[in-house]
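Trainee: Here is the input, now give the coordinates:
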Amino acid sequence: MAAEGGNGISIKPMEQFKVTPLFGDGDVGMFTITNVTFWLFLAVVAVTLLMVLTTRGRTVVPDRGQSVAELAYGFVYKMVEDVAGKEGVRYFPYIMTLFMFIVCANFLGLIPMSFTTTSHIAVTAVLALAVFISVTVIGFVKNGTAFLGLFWVSSAPLVLRPILAIIELISYFVRPVSHSVRLAGAILAGHAVIKVFAGFAVFGAIAPLAILGMVGIYALEVVVAAVQAYVFTILTCVYLKDALHPSH
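Mentor: Modelled structure (predicted):
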C-alpha cells in the first residue's frame, strides 16, 4: 500500500482495482472466476436477501428488513412515476433492479478489503449499454419512425434544425459513455483518495491527520454510494421518458 524508499513515499492507490483470479495466480481469461465475479455475485445475493427474503413474511408492522425494502420500493416507484410518467411505470421492475444492484454493489465496496465492482468501466458500461439499447428499442417499438422526432427540434428556426439534429444525434449516442463514466469515475476517485490517506497513515508524524482524512472521505463515500445509484437511475428514467415521448 505504501512504502518509504530512497526516493520518498511510494503509494499505489490503483492496485485495489486490479482484476485477479479468485483461485490461484494465473492469467485472467474469459471464463476465469475473478474478484470482480465474486463481488458481483455478492451484490446479487444482497439484493435477493433484501428484496425477497425480508419481504417473504410481510406483516402490517414491518421489521427493519421489510421497512428498508418498502422504502426503497416506494422511493424508486415515485421516481419512475414522477420522471417518466404513468406510462413508464410498466418498466419499474427493471429500473428497481438496476437501482438496487448499483446501490448494493456500491455499499459492498465500502467494506474493508472488498472489491468495488462499480469502479470498473467494464461493469458500468454494460449497465449503461443495457439502458441505452433498451430505451432505443422501446422508442422505436412504441413510436415507430416518430421516435426520430427526438432529434428534430421543431421549435427552432428551420435553418438551424439540421445543425441541431446533428448535435442531438451526437449527444444521444454519447449517453452510454457519460452514463457509465460518471458512476465509475466517482466511485474510483473516492476509493483512490481513501487509499492515499491510508498510505500516509503508516507514518507516525502525520498518522493522526491521515486517519482523520480517511474517516472524512469514507463518510463522504457513503453519501456518494447512494447518490451515484440515484443519479444513474434517474438518468435512466429521463432516457425512458424521451423514448416514450420523443417529440420536442
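Trainee: List the contacts of Ser247.
Mentor: Residues near Ser247 by C-beta atoms under 8 Å, 6 or more residues apart in numbering: 146, 149-150, 154. Using the backbone N, CA and C atoms, a C-beta is placed for each residue, glycine as well.
Trainee: and which of the residues you listed is nearest to Leu129?
Mentor: Closest approach between the contacts of Ser247 and Leu129, by C-beta to C-beta: Leu150, at 18.6 Å.
Trainee: Can you get me a residue count around that closest one?
Mentor: The local packing of Leu150 (other C-beta atoms under 10 Å) involves 19 other residues.
Trainee: next one: Ile102
Mentor: Residues near Ile102, counting by other C-beta under 10 Å: 27.
Trainee: close enough to count as contact, it and Val227?
Mentor: No: at 11.0 Å, Ile102 does not count as touching Val227 under the criterion of C-beta atoms under 8 Å.
Trainee: any chance you could map the strands in the chain?
Mentor: Secondary structure of the chain by DSSP state E: the strands cover 2-5, 8-11.
Trainee: among these, which gets the worst mean confidence?
Mentor: Here those differ in mean pLDDT, and the lowest is strand 2-5 at a mean of 48.
Trainee: Sketch out the low-pLDDT regions of the chain for me.
Mentor: 1-10, 248 (pLDDT under 70).
Trainee: Quickly note the distance from Gly185 to Ala198.
Mentor: According to C-beta to C-beta, to the nearest Å, Gly185 stands 20 Å off from Ala198.
Trainee: go on, Leu127?
Mentor: 28 Å.
Trainee: which residue ranges form the helices in this structure?
Mentor: 35-51, 64-84, 92-108, 121-143, 161-200, 207-244 (DSSP state H).
Trainee: picking that back up, of the contacts of Ser247, buried ones?
Mentor: In terms of neighbour count (16 or more other C-beta atoms under 10 Å), the buried residues within these are Leu150.
Trainee: Out of the contacts of Ser247, flag the one nearest to Phe232.
Mentor: Using C-beta to C-beta, the contacts of Ser247 come closest to Phe232 at Leu150, 20.9 Å.
Trainee: quick one: the closest one and Phe140 touch, right?
Mentor: No: counting by C-beta under 8 Å, Phe140 is not a contact partner of Leu150; they are 10.6 Å apart.
Trainee: Just send the helices of the chain back as TSV, with distance to Asp25 too.
Mentor: Shown next, in TSV, are the helices of the chain (distance: least, C-beta to C-beta, whole Å):
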stretch	distance to Asp25
helix 35-51	12
helix 64-84	39
helix 92-108	24
helix 121-143	21
helix 161-200	22
helix 207-244	30
